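*Asks:* The following comprises the amino acid sequence and a computationally predicted model.
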Amino acid sequence: MRIDVITIFPEIFSCVINVSMWMKARENGLFLYIWNLRDFSKSKQYKVDAPPFGGGAGMILRVEPIYAAVEMLKSNSSYIVEFSPRGELFNQKTAVEFSKKQHLILLCGHYEGIDERAGSIVDKRVSIGDFVVTGGEVPAMLFIESVMRLLPGVLGNEKSHLNESFSFGLLEHPHYTRPRSYMGQKVPEVLLKGNHEEVRQWRVKKAYEYTKKQRPDLLMA
């Protein structure tokens, strides 16, 4: 898989791109490139934003450099994503769908957003939640990590993601490790007996109980 990120703050990604799972993903076939939108500006000052027509606060990212960047990067297999509060809510199901794409181009808006006319080259707008952040960079990081951990060879155990929260409609069951007892809190006895079927049933039951308490909306989906 190849992922190209278009942003006006490429330095934000330097803190994660060579760390932990990101590095492992790149070692296992993820081609990740971060592009500075300002490099595609025809302005002598490398300007990529302007005030909104009609007035109002903030600045808008101009359509011309976005078009130029996408035109340079896209191919027949490209799928273009813009991060926006108006987008489709991102979840584990859509992460799986995106993990099957060959090439993703991610547009990170900033300030008050991106000129609406750039939407004509966008395949999907994506939102990471019902809240607003300063730009698309942090949403892009969350998006990339969620998608890349589904790629072959990234997780130590290829089946790890199958039992995680949201992967099968429930929150994940609780986990325990050593010591067996800590400040009066003991590991559930069922996890110590070695009966795999009993453990499986216990985990399903706990996953349902957690979901019913914390996210009952998932049970109605």
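*Replies:* Great, that's in hand. Residues are numbered from 1 along each chain as shown.
*Asks:* Can you tell me the centre-most residue of this structure?
*Replies:* residue 143 (1.1 Å; C-alpha atoms, centre = their mean).
*Asks:* Can you give me the distance of that one to residue 81?
*Replies:* Residue 143 is 8 Å from residue 81, where distance means C-beta to C-beta, to the nearest Å. For every residue, glycine as well, the C-beta is placed using N, CA and C.
*Asks:* okay, and the common contacts of those two?
*Replies:* Taking C-beta atoms under 8 Å, 6 or more residues apart in numbering as the contact rule, residue 143 and residue 81 both touch 98, 106, 126.
*Asks:* any idea how this structure splits into domains?
*Replies:* Annotated domains of the chain cover 2-148, 164-219 [automatic domain parsing].
*Asks:* I'd like to know how many residues surround the spatially closest residue to residue 61 that is not a sequence neighbour.
*Replies:* Take residue 61 and drop its neighbours on the chain: the residue closest to it by C-beta to C-beta, 6 or more residues apart in numbering is residue 114, 4.7 Å away. By the measure other C-beta atoms under 10 Å, the count of residues near residue 114 is 24.
*Asks:* mind listing what residue 114 touches?
*Replies:* With contact set as C-beta under 8 Å, 6+ apart, residue 114 has these partners: 60, 61, 63, 66, 82, 84, 107.
*Asks:* OK, contacts around the first one?
*Replies:* This points to residue 60. Here residue 60 is in contact with 49, 50, 51, 52, 111, 112, 113, 114, 115 (criterion: C-beta under 8 Å, 6+ apart).
*Asks:* out of the residues you listed, which is most surrounded?
*Replies:* Compared across the contacts of residue 60, residue 114 has the highest neighbour count, 24 neighbours, by other C-beta under 10 Å.
*Asks:* and the residue nearest to the centre of the chain, how far is that from residue 198?
*Replies:* Taken as C-beta to C-beta, the span from residue 143 to residue 198 is 38 Å.
*Asks:* and what of residue 218?
*Replies:* Remark: distance between residue 218 and residue 198 (C-beta to C-beta) = 25 Å.
*Asks:* same question, residue 8
*Replies:* Distance from residue 8 to residue 198, by C-beta to C-beta: 54 Å.
*Asks:* Looking at this protein, which strand is longest?
*Replies:* strand 78-89 (DSSP state E).
*Asks:* Out of the domains of the chain, flag the one nearest residue 155.
*Replies:* domain 2-148 (8.1 Å; C-beta to C-beta).
*Asks:* Could I get the average pLDDT for that closest one?
*Replies:* Averaged over domain 2-148, pLDDT sits at 95.
*Asks:* Flag every buried residue along stretch 172-191.
*Replies:* Across stretch 172-191, burial judged by 16 or more other C-beta atoms under 10 Å covers 172, 173, 191.
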